[in-house]
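[1] Just to be clear, the model below is a prediction. Sequence and coordinates:
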Number of protein chains: 2
Amino acid sequence: MNNLKYYLSLVERIFEEESFVAEPRELYEPIDYTLRLGGKRIRPTLLLAANALFGGNTDEVRGAALGIETFHNFTLLHDDLMDRSPLRRGQPTVYQKWDENTAVLSGDTMYALAWRYFLRQPSPRLQAILQCFCETGIEVCEGQQKDMNFERMTLEEVSLEDYRDMIRQKTAVLLAGALKIGALYANAPDDDIERLYEFGLHLGLAFQLQDDLLDGYGDTAVFGKKTGQDIRDNKKSYLPLLAMQIGNDSQRNELLTLFAAKDNMDEEEKVRRVMALYERMNLKSAVEEAIEKEFRTAVQCLDTIPADEALKLPLRELMETLAGRKK
Amino acid sequence: MNNLKYYLSLVERIFEEESFVAEPRELYEPIDYTLRLGGKRIRPTLLLAANALFGGNTDEVRGAALGIETFHNFTLLHDDLMDRSPLRRGQPTVYQKWDENTAVLSGDTMYALAWRYFLRQPSPRLQAILQCFCETGIEVCEGQQKDMNFERMTLEEVSLEDYRDMIRQKTAVLLAGALKIGALYANAPDDDIERLYEFGLHLGLAFQLQDDLLDGYGDTAVFGKKTGQDIRDNKKSYLPLLAMQIGNDSQRNELLTLFAAKDNMDEEEKVRRVMALYERMNLKSAVEEAIEKEFRTAVQCLDTIPADEALKLPLRELMETLAGRKK
């Protein structure tokens, strides 16, 4: 049977065989650059594996695989512009390498191109497929807006529930949507699609919480970036939000004081103090437990789908990879 | 029979009955603001009239009418950001009233919402409809990029043909696409759709050339903005490009010198001199002739469509309005 590696290399091949260069080149060069930067290609891989899970023909979802990844990269391109992030995957972001207007317009064009990829392949369930893609896009935008809103709020103003809802929209629905679209192309039963979508949501939540955890506790060599950046950025990630929930009054006050510190404290000193506080609260294992819970729920969803166990293999492998248990 | 006024008021009603407010409000308030700013609503009006031309049911294209106008307003919102335009329809633009990030993200969301409106209404020709909407979007982006490229080029580097191609993509294909989509929803014959599309292209070209002409020769009271702005902006509009083609060597050199003038000449003095040069070249009637030619070709396309003449009335009226012969 086909394993995760098979689908990952299939996605790579699909991207290698596709040309993103067109005229005017000022518009398409940044698009080609963005789509050739690589990345984990998780979403198209999920789409292909979900399609195969229900006996779909991989050749018929090449367009959708390109579409979902092009959409994802469009959101990264515009997010990088809005966040003023200089680097993505170790390379300059489009707004840095070119300029802001290029980032706006090339991003818009990528969204249109994503639709073109989806429309390439007819399907009896095309309307449902496109509706899923469309609603996913709207949710991702809403999630990004909520994320931006949180930046202007204090740690006390953001609840753990609000945060969870934000990452569900910004991250999880796209993983879930990729799975749903793959299953729709294979004309899977609606009940199974619903379970697969739930699997994707919990996988996505676990994935984002894992990312939050790694910011504090990741191995810089493996993680690829310096730890503690969320603390330097005063980001209301899952870590401080959970700390606010499980901490006692004195711990909450200490965290609030550290988050309120601006120029009066050295950045690295702040990181050290916040991490020491987390240590005393045993925050790491509390976060790990929350991640484990999401993964467990995801596994339960996958288990209930009546499909060939061998065909579930790549999805289980991907989950293990995201959980950091398999490289 | 229904006239242009009927369709215009129908479009107004469709927009009045639709709510654009949702959560998070930071995302949707700018969208509601943009879609309530008004404007001529030409594209949805064309869509409804084209649908009726082939016996379509107006109720079935409400979503498409909302979708095409939401898309158009999305492009204006992002164009205003890229051009740093402070005003649109006499009101502050979104990036001015809110900020740049809001303009990026609310614009992206409007594009997604436009797709949602289109997907509301099933149709046996849905794939063709969405393909037309998608390709139109890509062309509009390409046209905008070409327009931005022209800003960095000299008057000599832009040919009249390049300019025509740019305005075809940036302006005309959306008018043509609106007509085509309306006709597709009515399941019109492909030949007729092709003719209607051509009608829209020439109508759009005429409309843009007219706009270029009005910048130089418009009545400020009617036109709503100060004349000569394209000259102040050194814009390679149809006027200087045609002047370069029909002028003699000395006239071309004079125009190039005026376009190259920067701080060494008072802006109003520059406008006066360029307009005086146009006067000596009799440029106004040359442009009017070019516009007239586009309108004539548009009429010919419309004439060949075998549909009830009474149903063509709103399209003819719209053409007259755009030609400035009817208010």
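    Cool, got the structure. Residues are numbered from 1 along each chain as shown, chains lettered A, B, ... in the order given.

[2] which residues sit against stretch A:41-52?
    Stretch A:41-52 is contacted from outside by A:2, A:4, A:7-8, A:10-12, A:14-15, A:57-58, A:60-61, A:64-66, A:68-69, A:72, A:174-175, A:178-183, A:185-186, A:196, A:200, A:311, A:314-315, A:318, A:322, using C-beta atoms under 8 Å, 6 or more residues apart in numbering or on different chains. C-beta here means a position set from N, CA and C on the backbone, and glycine is covered the same way.

[3] A:Ser237 is in contact with A:Tyr278, correct?
    No: under the criterion of C-beta atoms under 8 Å, A:Tyr278 makes no contact with A:Ser237, lying 11.6 Å away.

[4] still on that earlier bit, for PyMOL, write the select line for the buried members of the contacts of stretch A:41-52.
    Remark: buried members of those, expressed as a PyMOL selection using 16 or more other C-beta atoms under 10 Å in any protein chain shown:
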select buried, chain A and resi 4+7+8+10+11+14+15+58+61+64+65+66+68+69+72+174+175+178+179+180+181+182+183+185+186+196+200+311+314+315+318+322
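
[5] In helices only, show me the contacts of stretch A:41-52.
    A:4, A:7-8, A:10-12, A:14-15, A:64-66, A:68-69, A:72, A:174-175, A:178-183, A:185, A:196, A:200, A:311, A:314-315, A:318, A:322 (DSSP state H).

[6] quick one: A:Lys146 and A:Met166 touch, right?
    Yes: using C-beta under 8 Å, A:Lys146 makes contact with A:Met166 at a distance of 4.2 Å.

[7] ok, which stretches of chain A are strands?
    Ranges of strands within chain A are A:87-88, A:91-92, based on DSSP state E.

[8] Ok, which of those comes nearest chain B?
    Shortest distance between chain B and the strands of chain A, using C-beta to the nearest C-beta, is found for strand A:87-88: 16.3 Å.

[9] Does anything pack onto the closest one? Which helices or strands?
    Here strand A:87-88 touches no other helix or strand, going by 3 or more C-beta pairs under 8 Å, 6 or more residues apart in numbering or on different chains; DSSP states H and E.

[10] So which of the contacts of stretch A:41-52 reach chain B?
    Near chain B, taking C-beta under 8 Å from any C-beta of the partner chain as the test, no member of the contacts of stretch A:41-52 is found.

[11] related to what we said a few turns ago, TSV please, covering the strands of chain A and showing mean pLDDT and mean neighbour count.
    Listed next are the strands of chain A as TSV, based on pLDDT from 0 to 100; neighbours: other C-beta atoms under 10 Å in any protein chain shown:
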stretch	mean pLDDT	mean neighbour count
strand A:87-88	94	14
strand A:91-92	96	14
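
[12] Can you report how many residues lie near the closest residue in space to A:Leu213 that isn't next to it in sequence?
    Leaving aside its sequence neighbours, A:Leu213 sits nearest to A:Val287 (C-beta to C-beta, 6 or more residues apart in numbering or on different chains; 5.0 Å). Look at A:Val287: counted by other C-beta atoms under 10 Å in any protein chain shown, it has 22 neighbours.

[13] go on, the one 10 residues further on?
    When neighbours are counted by other C-beta under 10 Å, A:Thr297 registers 17.

[14] OK, contacts around the residue lying closest to A:Leu155 once chain neighbours are set aside?
    Distances taken as C-beta to C-beta, 6+ apart place A:Phe259 nearest to A:Leu155, at 5.1 Å, with adjacent residues excluded. Residues near A:Phe259 by C-beta under 8 Å, 6+ apart: A:Thr154, A:Leu155, A:Asn234, A:Pro240.

[15] 7 Å - rerun?
    Listed by C-beta atoms under 7 Å, 6 or more residues apart in numbering or on different chains, the contact set of A:Phe259 reads A:Leu155, A:Asn234, A:Pro240.

[16] any chance of those residues in TSV, with distance to A:Ser250 and pLDDT too?
    Output for those, formatted as TSV (distance: C-beta to C-beta, whole Å; pLDDT from 0 to 100):
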residue	distance to A:Ser250	pLDDT
A:Leu155	15	95
A:Asn234	21	91
A:Pro240	16	97
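
[17] quick one: which of these is nearest chain B?
    After measuring the contacts of A:Phe259 against chain B - C-beta to the nearest C-beta - the closest member comes out as A:Asn234, at 17.7 Å.

[18] quick one: the closest residue to A:Gln245 other than its chain neighbours from A:Ile167, how far?
    Nearest in space to A:Gln245, with sequence neighbours left out and distances taken as C-beta to C-beta, 6+ apart, is A:Leu160 at 5.5 Å. Going from A:Leu160 to A:Ile167 by C-beta to C-beta, to the nearest Å gives 11 Å.

[19] burial measure for A:Pro24, as a count.
    Using other C-beta under 10 Å, A:Pro24 has 17 neighbouring residues.

[20] So which residues on the stretch 1-150 of chain A come close to chain B?
    A:24, A:26-27, A:78, A:81-82, A:101, A:104-105, A:108-109, A:111-113, A:115-116, A:119, A:122, A:126-127, A:130-131, A:134, A:137-138, A:141-142, A:144-146, A:148-149 (C-beta under 7 Å from any C-beta of the partner chain).

[21] What's the PyMOL line that selects buried ones from the residues you listed?
    In PyMOL, this line selects whichever of the residues of the stretch 1-150 of chain A next to chain B come out buried by 16+ other C-beta under 10 Å:
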select buried, chain A and resi 24+26+27+78+81+82+101+104+105+108+109+111+112+113+115+116+119+126+127+130+131+134+137+138+141+142+144+145+146+148+149
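
[22] any idea of the mean pLDDT for stretch A:318-327?
    The average pLDDT for stretch A:318-327 rounds to 77.
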